[in-house]
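# I would like to see how this sequence folds:
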Amino acid sequence: MTKLTPRQAVPALEVPILGGPKWRLADQSPAHFTMAVFYRGFHCPICANYLRDLDRKLSKFTDLGVDVIVLSSDSEERARMAQQQWGLNNLTIGYNLPLDDARAWGLFISSGRGKTSTGVEEPALFSEPGLFLIRPDGTLYASSVNTMPFARPNFGELLQSLTFIIEKDYPARGEAA
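Numbering: from 1, shown residues only. Model (predicted):
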């Protein structure tokens, strides 16, 4: 598994998105950050609540100069089902993330265990969640990687932190070996 380091370049990232062409990290030009939120997939009820919260707060991130994409290894069909059934009306949703790309980002990979509590079959393999803040120059600012669906960064707290980070030009941390 890869370990990404703050202030260093992140791996390339390119995925198809619902309703659009391919999304490429290299093509992004946010005022401050691109926030890539990797989610487990349509089978995950915790992802549903997590992404609904982000969908409601998206304009606040945009106002801070943070572009957002959410993505998973789900197929287009499952990504569309998530968008529709979870009511994700504002988010850019990427799909078909290759698991090798997930590994390059340091994400943990899990094996499917059958149907979830919502009755949706887990894929044979899928990545666990991660959140990454990437500077416009393609370097990592901050990351949070999980081995399971629980204990993810809170978007309300993240908005407060980003306000401070941007106002104070707070440096990326965790780069020392």
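# CA atoms for contacts and neighbours, from now on please.
OK.
# and Thr2, that's in a helix?
No. Assessed by DSSP: H, G, I helix; E, B strand; the rest coil, Thr2 does not belong to a helix; its assignment is coil.
# nearest residue to it other than its sequence neighbours?
Spatial nearest neighbour of Thr2, chain neighbours left out: Gly106 (4.7 Å); criterion: CA to CA, 6 or more residues apart in numbering.
# Now do that neighbour, the pLDDT please.
Per-residue confidence (pLDDT) for Gly106: 97.
# Could I get the pLDDT score of Met1?
At Met1, the pLDDT recorded in the model is 64.
# Just confirm Pro98 contacts Ser73, I think it does.
Yes. In terms of CA atoms under 8 Å, Pro98 counts as a neighbour of Ser73; the distance is 6.2 Å.
# re earlier: looks to me like the residue nearest to Thr2 is in a helix.
No. Under three-state DSSP, Gly106 sits outside any helix and is assigned coil.
# number of nearby residues for it?
20 (other CA atoms under 10 Å).
# between Pro98 and Ser73, who's got more neighbours?
Ser73 (25 against 17).
# The more buried one: helix or strand, and which one exactly?
Using DSSP states H and E, Ser73 is not contained in any helix or strand.
# which stretches of the chain form strands?
Assigned by DSSP state E, the chain shows strands spanning 14-16, 22-24, 33-38, 66-71, 93-94, 109-111, 125-127, 130-134, 140-145.
# Now render those strands as TSV, adding mean neighbour count, mean pLDDT and distance to Tyr50.
Compiled in TSV, the strands of the chain are given as follows (neighbours: other CA atoms under 10 Å; pLDDT from 0 to 100; distance: least, CA to CA, whole Å):
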stretch	mean neighbour count	mean pLDDT	distance to Tyr50
strand 14-16	18	98	21
strand 22-24	15	98	22
strand 33-38	23	98	10
strand 66-71	21	98	11
strand 93-94	26	98	14
strand 109-111	15	97	19
strand 125-127	22	97	16
strand 130-134	23	98	12
strand 140-145	20	98	14
